[in-house]
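Enquirer: Output the structure for:
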Amino acid sequence: MSLIEKISNQATSLTPSERRLVENVIESPTAAALGTAGELAKAVGVHEATASRLAKKLGFDSYAAFRDALRDEFIATRETATRFEKTIAETTSDTILGKLARDEAQALGGIEDFITPDQIAEIAGLLMNAGRIYIYGYGNAEVLALMMVKRFRRFGKEVQQLDTNPRGLAEQMLGLEAGDVVLSFAFRRPPRGYAALIETAKEAGATTIIISGKSGALLAPRPDHLLAAPRSGDPDAFQTLTVPMTVCNAIVIAAGLTAKEESLKKLDRLGQLIERFG
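Expert: Numbers count the residues shown, from 1 in each chain. Below you'll find the predicted structure:
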């Protein structure tokens, strides 16, 4: 079981101090993996005993064992991020554009520290085999939801973009059943109606998938599948959608590969229909 999964399992039992520690570890796993319990606690502003207690709550005998798990899971896969850093090493501009480009490149370079190719392939397969796909994006995540709706409709899937109005959302959920998939986004905090959406999907026997930032491991109730990778920028300030959009595009490409011949036929047919209706 990965660390993200272990954290997800304990999300509802974490104290506020432990949640702050978890957020710091998820955002900067390398620093946590190389430091001591005291250093991690000091960086977050909590007592050192909190770090040791968190490690045990996550199933480790000691903080040292927790730190070893961090090293195994994250340090060994830093090569991609290093390549990105070398690529942008000559960029010295202090402009907004230059800084944004550097931040995005670093965040993108670290995606596979958090989300594996196998996870992407699994999610793509679930979506392509779904009876119907329901996609929910609240706030700035609506643009990602719309993109995924359009992409999977082009594969010939029956897709609905869920309403952000509670009444409209409730009406759409009436048709949810086993074999369907609910895909949602959750970044700084769970979107409005998140708990009700997950609970309703579980009652219907539908599969739930969440694409999230670093806070994904703290979501409750827990989705069936979680793809969580930190976005660039200050967590307390402006953050872009570049990382989650890249995750979405990877899923779309992997989905096309799961049924390559059929996908190409659907896209070819779409082209014919666009010409007819154009």
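Enquirer: Return the set of buried residues in the helix or strand hosting Asn9.
Expert: Element membership for Asn9, per DSSP states H and E: helix 3-10. Buried residues in helix 3-10, counted by 16 or more other CB atoms under 10 Å: 3-4, 6-8, 10. No exception for glycine: its C-beta is placed from N, CA and C like everyone else's.
Enquirer: what does stretch 22-38 give?
Expert: Result for stretch 22-38 [16+ other CB under 10 Å]: buried residues 22-26, 28-29, 32-33, 35, 37.
Enquirer: chain center to it, what's the gap?
Expert: Counting by CA atoms, centre = their mean, to the nearest Å, stretch 22-38 is centred 19 Å from the centre of its parent chain.
Enquirer: Could I get the CA-only coordinates of that stretch as PDB?
Expert: Extracted C-alpha coordinates of stretch 22-38, given in PDB (Å, rounded to 0.1, in the frame of the first residue of the first chain):
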ATOM      1  CA  VAL A  22       0.600  15.400   6.200                       C
ATOM      2  CA  GLU A  23       0.100  18.400   3.900                       C
ATOM      3  CA  ASN A  24       3.800  19.400   4.400                       C
ATOM      4  CA  VAL A  25       4.900  15.800   3.600                       C
ATOM      5  CA  ILE A  26       2.800  15.600   0.500                       C
ATOM      6  CA  GLU A  27       4.000  19.000  -0.800                       C
ATOM      7  CA  SER A  28       7.700  18.400   0.000                       C
ATOM      8  CA  PRO A  29       8.200  14.600   0.300                       C
ATOM      9  CA  THR A  30      12.000  14.800  -0.400                       C
ATOM     10  CA  ALA A  31      12.600  17.300   2.400                       C
ATOM     11  CA  ALA A  32      10.600  15.200   4.800                       C
ATOM     12  CA  ALA A  33      12.400  12.000   3.700                       C
ATOM     13  CA  LEU A  34      15.800  13.500   4.300                       C
ATOM     14  CA  GLY A  35      15.100  15.300   7.500                       C
ATOM     15  CA  THR A  36      14.300  14.300  11.100                       C
ATOM     16  CA  ALA A  37      11.000  14.300  13.000                       C
ATOM     17  CA  GLY A  38      12.200  17.400  14.800                       C
END
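Enquirer: What are the boundaries of the strands in this structure?
Expert: Assigned by DSSP state E, the strands in the chain fall at 133-136, 159-161, 181-186, 207-212, 225-228.
Enquirer: hmm, back to that, list just the nearest of the buried residues of helix 3-10 to Leu227.
Expert: Ile4 (9.6 Å; CB to CB).
Enquirer: ok, the nearest residue to Arg19 once chain neighbours are set aside - contacts?
Expert: Nearest non-adjacent residue to Arg19, counting by CB to CB, 6 or more residues apart in numbering: Leu218, 6.1 Å away. Leu218 is in contact with 7-8, 11, 14, 19, 22-23, counting by CB atoms under 8 Å, 6 or more residues apart in numbering.
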